[in-house]
Structures are given as structure tokens and as C-alpha cells.
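S.K.: show me how the following folds:
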Amino acid sequence: MMPASALLLSFIVSQAAASKPRTELTQDITVRARAAAMTVQVAPPTASKPIVDEVLASLAFGRGLAAGPERFRAGGDMSRLLRPFPEPPFLVLSPANIKALYDEWTFEIVDSKSSVVWSSDGVGALTGRLEWDGTGNDAQPAIVTGRSYQYRFTGRRAGRSFVVESDPALINSFSHHEYGGETLLEADAGLLFIEGKSAWKVESKRWIDAFVGRLLTSEPRPDGTYKVALHVRNTHDKLASSRAKALTLRLASALLVESDRIVMTIAKSPRGETVSVFLPPSKGASVRDD
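M.R.: Numbering: from 1, shown residues only. Got it, this is the predicted structure:
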């Protein structure tokens, strides 16, 4: 039998072993995945073209720098108007020529004396072309040969405005359809006569040939005459009479007819001095019996 002292020593050793702290093992485990797939690159949002156009077009209105309307020049082919007797329209504005935004507008025809000879206005954007046929707001002929004309379009929006102007177009001659069916060919008298005289200019041949060419290709009058008018400021002036006589003889010679077949009228005209030839109404296509 174990002595009591041995038992006591054994009990103390076992209690010490039981009270000794246990040892724990730890490990840092990091889980590493495979390389991440490439991310999708998404472009930043952009404004649509209509919005971009609106912003760009309205920049001028937003600057707030100009005290008056901003002005832009619109060119164009004016060569047609330099040929003898161009037909209307004489000036044309297309909506495509206007880039800025506007809520209301005014369209004017201005001559070389800064007079407004015709005007129109409207609300909203243009849906079609604006044309000038040579008449005034009273529907009467307003065009004067020897003068320049240009259009002036004014657009307004939010208290600001812009102006689109055409280049000036010189009108030396024109063609106009009369209500009775006749066609009027009119040219500035200054193209034919030396100023203050009944003598001819060198370049007058071009215009006499143009008159005669149109007369020979038009319908003949039943009585075989040719209707001509000299428009002057003073019908009682001797210069008017001498010019009318000179014009009668020259046209008769060019047409190879007697001078009495040229029916000449001297008429008073507040619009300037011009030479006018009247073409009879066309009867349409026909077949000749040769």
C-alpha cells in the first residue's frame, strides 16, 4: 500500500498537469482566386446629334456679348440675273441657309437706296422657300432696272436676334408676265443710250440682239406689228422723242421690217428710264404648214 506521502505527491503532480495551459496551433490561410476577367469598358454617355446641334446653334444667343443682332452673309449664284431678261423669282431664301434657332422672323427685300420694297413675316421655323418676284406689298411691280437688291432675313428668339443677308444682286433687265398674258421684257435705258444723249453705247448691240431674238421666236401679232415702249420721267422732253425715234429705226433694221411696224409708246415712269418690249401671249405648240 502506497504511503500517504506518495499519494499526496501524485495528487499534486496530476493537478499541476491539469492546470497547465494547452498549446493551440493557428495558420493564416489566404484564398487566392485566379486572375479576374477584363472588365467591360462602357463609353461615357454623349448628347444626341439634335441636342448638339441645338447647343452649337444657340451659343451665339447665350454669350450675351452683342448689343445688336448678329449678322451673317449668305452668298449664292447671281450669274443668272446678269443674263438678259431673267424671270422671277429674282431672290430666293431656302430654310437650309439658316442654322440658328428662331421663334419668329421677318423677311425683307432691300434695294440699293436702302428702301424696303417688299416684306413678309411669320412665327415658327420656315417650312419652305421665300421668293421675291419683283412686286411690292401692293402686288404691283416694284423692281427697277439699274438697281441692286438683296434679301434680309431677321430671326428672333428669347429677346435676341440674328440677320442673314444675301449679296446685292444688280438687276439690269428682267422678264415679267403681264395679267393680259403678254410678257414684258424690260432693260435699263442706260444700257443702250449714252447718258443725256440719243446716241448708242457700244454694248447696246447685245441688248438690241436680245430684244430681237425674243421677238422673232415669239408668237407674231395678228397685224404684224411689234409693241415697244420707252419709259421716261418727262414725256415732253426732246431727248425722249429723239431716243424713241432712234430705237424705232434700229429695231426695224434688225427685224428687217418697215419702221411703221414698230408701234412705239413714250410713257411716263416714276421707276426710272427703261426700254420695254411686249411679247404676245403664246398659243402653245402648233404645227406649221410649209
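S.K.: could you export stretch 169-186 as PDB, CA atoms only?
M.R.: Extracted in PDB, the C-alpha atoms of stretch 169-186 (Å, rounded to 0.1, in the frame of the first residue of the first chain):
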ATOM      1  CA  ALA A 169     -27.800  91.400-107.000                       C
ATOM      2  CA  LEU A 170     -27.800  94.000-109.800                       C
ATOM      3  CA  ILE A 171     -30.900  93.900-111.900                       C
ATOM      4  CA  ASN A 172     -30.200  95.400-115.400                       C
ATOM      5  CA  SER A 173     -33.100  93.700-117.100                       C
ATOM      6  CA  PHE A 174     -36.000  91.400-116.300                       C
ATOM      7  CA  SER A 175     -38.900  89.500-117.700                       C
ATOM      8  CA  HIS A 176     -42.400  89.800-116.300                       C
ATOM      9  CA  HIS A 177     -45.700  88.100-117.200                       C
ATOM     10  CA  GLU A 178     -48.500  90.600-117.500                       C
ATOM     11  CA  TYR A 179     -52.100  89.900-116.400                       C
ATOM     12  CA  GLY A 180     -53.300  90.000-120.100                       C
ATOM     13  CA  GLY A 181     -51.000  87.200-121.000                       C
ATOM     14  CA  GLU A 182     -48.300  89.300-122.500                       C
ATOM     15  CA  THR A 183     -44.700  89.000-121.500                       C
ATOM     16  CA  LEU A 184     -42.800  92.200-120.700                       C
ATOM     17  CA  LEU A 185     -39.100  92.400-121.500                       C
ATOM     18  CA  GLU A 186     -37.600  95.400-119.800                       C
END
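S.K.: and it, what's buried?
M.R.: Buried residues in stretch 169-186, counted by 16 or more other CB atoms under 10 Å: 169, 171-176, 183-186. Every residue, glycine included, has its C-beta placed from N, CA and C.
S.K.: where is pLDDT lowest across the residues you listed?
M.R.: Within the buried residues of stretch 169-186, residue 176 has the lowest pLDDT, namely 89.
S.K.: and that residue, how close does it get to residue 88?
M.R.: With distances taken as CB to CB, to the nearest Å, residue 176 is found 7 Å from residue 88.
S.K.: overlap in contacts of those two?
M.R.: residue 134 (CB atoms under 8 Å, 6 or more residues apart in numbering).
S.K.: setting aside sequence neighbours, what's the nearest residue to residue 145?
M.R.: residue 188 (3.8 Å; CB to CB, 6 or more residues apart in numbering).
S.K.: likewise for residue 121?
M.R.: Using CB to CB, 6+ apart, the closest residue to residue 121 is residue 106 (4.5 Å).
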